[in-house]
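*Asks:* structure, please.
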Amino acid sequence: MNVKRSARRTFSSLSNPNYRKYFFGQTTSLVGTWMQMTAQSWLVFTLTHSATKIGLVVALQTLPVLLLGPYGGVVADRVDKRKLMIVLQAAMGLQAAILAALSLTHVVNYLDVCILAVVLGLNNAFENPSRQSFILEMVGAKDLRNAVSLNSTMNNVARAIGPAVAGIIIASFGEGWCFAVNALSFVAVVASLLFMDLATLSPSVPAARSKGQLREGLRYVASTPKLLYPLIMMALVGMLTYEFQVTLPIVAGHVFHGSSEVYGIVTGSMGAGAVIGGLWTASKGKTGTRALVRAALLFGLFVTFAALSPKLWVELIALALVGFASVSFLSMANSTLQMETEPQMRGRVMALWAVAFMGSTPIGGPLIGWITSLAGARVGLGVGAAACFVAALIGWLRIRHYRARESHAKLMVIDQSTMIEQVTKG
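*Replies:* Numbering: from 1, shown residues only. Predicted coordinates for the structure are as follows:
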């Protein structure tokens, strides 16, 4: 009975038919996406043998999110999110198809990969805020945290499967077929969006067009500490810790002298741990700054373990733990922001979340790539671990400041009560 109750709690949001369609459609698409990400990093590695250039491609893919992500949030608050997602998901499939054609015809070069990375980034700048804020419209506030955690689990199931399959396909047929499979996978998520029951959705009222909406969103976050500090923590960790696309190819190829199969196993091990972490968070995860501090500390400890692992089998264990902690931190940050945000601001706030998570990569990707090229992948991972510890410190200082203010306010109330009592007696 307890097992059944726990399972119902873990997967409660899947009882919603619309979300269930979306969940399985998006899972199919994300397997293809992780295949493409794995193949793209390995393609750049084989073309250039440079961690810095891998980092540059990752940066180009996320630079539009940094520059245009906040405006993407304004657009998300103004339009029908579902319709926008249909168009943008289809465009992402087209981008993958072009990369597949170039690769399969053996004419692809580093510049092609860079240009297509920018195209994908432009798409993500507008698709990500809509996708993040659309979850609430499907499931409602009651199942929001569960759905966000299952989304992270879905992403990491794909992370476990995609790279492993990509490693086999790359070794057997070449990178181009990974891109082709990804192009086809977008059919599933577009179909799930097209065939939703619109009567059961709870869309937010679109914001009317007006001047200053972007500034309004920034002021709103700046004046709301429950949103501001999680975003700062996410930006720091997103910039320096989540650069695994840059570090893991070098870990596999240089530290452990492996091939594409080893790279697939290394990435798949991290994804497997993330699946467990996502399910745990969906069932028992919490929200708020205090929970984020604990998650950041755990994340930092496990990344340190990965940076110091002497053998491949130890590294696989360490990366599984990294995956567990990474998805816990990510899910808690996402849920905290959505739960604390007013509905009419959700698109803009989640756009800033995308900027913090992905948009910080144009800075962090090349920086971690340069550090990795200069000092090795272990040092690159170590910098990511340090970022987690600093983020935890920032969150802890916020909690300490809040407690100090709360204590001061209580003392003021006590003093005022004492003064009133003395005046009354006098």
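
*Asks:* contact partners of stretch 102-110?
*Replies:* Outside stretch 102-110, the residues within contact range by C-beta atoms under 8 Å, 6 or more residues apart in numbering are 43-44, 47-48, 53, 99, 112, 174-177, 179-180. Where you see a C-beta, it was placed from the backbone N, CA and C, and this is true even at glycine.

*Asks:* since we're on the residue nearest to residue 90 when sequence neighbours are not counted, how many residues are nearby?
*Replies:* Nearest residue to residue 90 in three dimensions, chain neighbours excluded: residue 190, at 5.7 Å (C-beta to C-beta, 6 or more residues apart in numbering). Counted with other C-beta atoms under 10 Å, residues neighbouring residue 190 total 19.

*Asks:* and for the one 5 residues further on?
*Replies:* Applying other C-beta under 10 Å, we find 10 other residues in the vicinity of residue 195.

*Asks:* for the closest residue to it other than its chain neighbours, give me its contacts.
*Replies:* Of all residues not flanking residue 195 in the chain, residue 21 sits nearest, at 6.6 Å (C-beta to C-beta, 6+ apart). If you count contacts by C-beta under 8 Å, 6+ apart, residue 21 has them with 192, 195, 196.

*Asks:* now do the helices in the stretch 151-300 of the chain.
*Replies:* Counting by DSSP state H, counting those that start in this stretch, one finds helices in the stretch 151-300 of the chain at the ranges 176-194, 213-222, 225-240, 244-250, 260-284, 289-308.

*Asks:* what sits against residue 80?
*Replies:* Neighbouring residues of residue 80 by C-beta under 8 Å, 6+ apart: 203, 206.

*Asks:* next one: it from residue 189, what distance?
*Replies:* Separation of residue 80 from residue 189 (C-beta to C-beta, to the nearest Å): 17 Å.

*Asks:* got it, and residue 315?
*Replies:* Residue 315 sits 33 Å away from residue 189, going by C-beta to C-beta.

*Asks:* repeat for residue 28
*Replies:* Residue 28 is 7 Å from residue 189, by C-beta to C-beta.

*Asks:* excluding its backbone neighbours, what's nearest residue 258?
*Replies:* residue 252 (4.6 Å).

*Asks:* count of residues packed around that neighbour?
*Replies:* Other residues close to residue 252 by other C-beta under 10 Å number 26.

*Asks:* touching, it and residue 266? I think so.
*Replies:* Yes: using C-beta atoms under 8 Å, residue 252 is in contact with residue 266, at 4.9 Å.

*Asks:* now do the shared contacts for the two.
*Replies:* Counting by C-beta under 8 Å, 6+ apart, the residues touching both residue 252 and residue 266 are residue 258.

*Asks:* lowest-scoring secondary structure element of the chain by mean pLDDT?
*Replies:* Using mean pLDDT, DSSP states H and E, the weakest-scoring helix or strand in the chain turns out to be helix 2-10, at a mean of 65.

*Asks:* tilt between the helix or strand just after that helix and helix 176-194?
*Replies:* Using DSSP states H and E, the helix or strand that directly follows helix 2-10 along the chain is helix 17-48. Interaxial angle of helix 17-48 relative to helix 176-194 (axes from the mean of the first three to the mean of the last three C-alpha atoms, to 10 degrees): 160 degrees.

*Asks:* tilt between helix 17-48 and helix 260-284?
*Replies:* Going by the same axes, to 10 degrees, helix 17-48 is angled at 150 degrees with respect to helix 260-284.

*Asks:* buried sites along helix 17-48?
*Replies:* Buried residues in helix 17-48, counted by 16 or more other C-beta atoms under 10 Å: 18-19, 21-23, 25-45.

*Asks:* return the set of buried residues in the next helix or strand after it.
*Replies:* Reading on from helix 17-48 to the C-terminus, the next helix or strand found by DSSP H and E is helix 51-78. Buried residues in helix 51-78, counted by 16+ other C-beta under 10 Å: 51-66, 68-78.

*Asks:* what mean pLDDT does helix 51-78 have?
*Replies:* Helix 51-78 shows a mean pLDDT of 82.

*Asks:* check stretch 155-164 too.
*Replies:* 70.

*Asks:* how close does residue 179 get to residue 264?
*Replies:* On the measure of C-beta to C-beta, residue 179 and residue 264 end up 16 Å apart.

*Asks:* distance check, residue 83 against residue 346.
*Replies:* Taking C-beta to C-beta, one finds residue 83 at 17 Å from residue 346.

*Asks:* repeat for residue 209
*Replies:* Counting by C-beta to C-beta, the gap between residue 209 and residue 346 amounts to 17 Å.

*Asks:* the more surrounded of the two?
*Replies:* Taking neighbours as other C-beta under 10 Å, residue 209 and residue 346 compare with residue 346 leading, 24 against 8.
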